[in-house]
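Student: Sequence first, then the predicted structure, then my questions.
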Amino acid sequence: MEIGRREFVAAAGAAIPFVLFSYGNSFGGTAMFGLIGKIMAVEGKRDELVTILLEGVSGMPGCLSYIVAKDPTDGNAIWITEVWDSKESHAASLNLPVVKEAIKKGRPLIAGFSDSHTTEPVGGHGLSKK
């Protein structure tokens, strides 16, 4: 089967996004690390817990995205979605003073944890390396 120049150019053009996507799923050669988790706040304490979770989240080394969201169907539930440049950066963040302080302040307001999933982000709108 012979492929013409026009078909070759069209196929190559279609392959470029795939190649960029394949190479774009990591920064610096290591896979990104993601977490999606649900926290259940003590009754009536969700807003207070959200405030604590949002304090000091900017400037965490390796954190590409940290989203805190209220669950619209459960008045006590909070969803956290995190993207890190590596699993190691996430682990290191747990030793940051601001994170330790947030854990200390937030722990009494947490009734429990629900769904938790580890992911390997590959990119998306609003996600860019720092």
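Tutor: Structure's in. What do you need?
Student: The closest residue to Gly126 other than its chain neighbours and Gly37, how far apart?
Tutor: Nearest residue to Gly126, sequence neighbours excluded (CB to CB, 6 or more residues apart in numbering): Ser65, at 7.0 Å. Every C-beta, even on glycine, is put in place using the N, C-alpha and C of the backbone. Distance check for Ser65 against Gly37: by CB to CB, to the nearest Å, it reads 14 Å.
Student: How about Glu43?
Tutor: From Glu43 across to Gly37, the span is 20 Å (CB to CB).
Student: Arg107 belongs to a strand?
Tutor: No: the assignment for Arg107, made by DSSP: H, G, I helix; E, B strand; the rest coil, is helix rather than a strand.
Student: Can you tell me how far it is from Phe113?
Tutor: From Arg107 to Phe113 the distance is 12 Å (CB to CB).
Student: how about low-confidence regions in this structure?
Tutor: Applying pLDDT under 70 to the chain picks out residues 1-29, 128-130.
Student: quick one, strands of it?
Tutor: Ranges of strands in the chain, per DSSP state E, are 26-27, 30-31, 33-41, 63-70, 77-84, 110-119.
Student: Output the contacting helices and strands for the last one.
Tutor: With contacts defined as 3 or more CB pairs under 8 Å, 6 or more residues apart in numbering; DSSP states H and E, the packing partners of strand 110-119 are strand 33-41.
Student: Give me the contacts around the strand it packs on.
Tutor: Residues from elsewhere that reach strand 33-41 (CB atoms under 8 Å, 6 or more residues apart in numbering): 48-49, 71, 74, 76-87, 89-90, 109-121.
Student: Buried residues, that strand. List them.
Tutor: Going by neighbour count (16 or more other CB atoms under 10 Å), the buried part of strand 33-41 is 33-35, 38-41.
Student: Out of these, the closest to Val99 would be?
Tutor: Leu35 (13.5 Å; CB to CB).
Student: how near is that closest one to Gly75?
Tutor: Per CB to CB, Leu35 is found 23 Å from Gly75.
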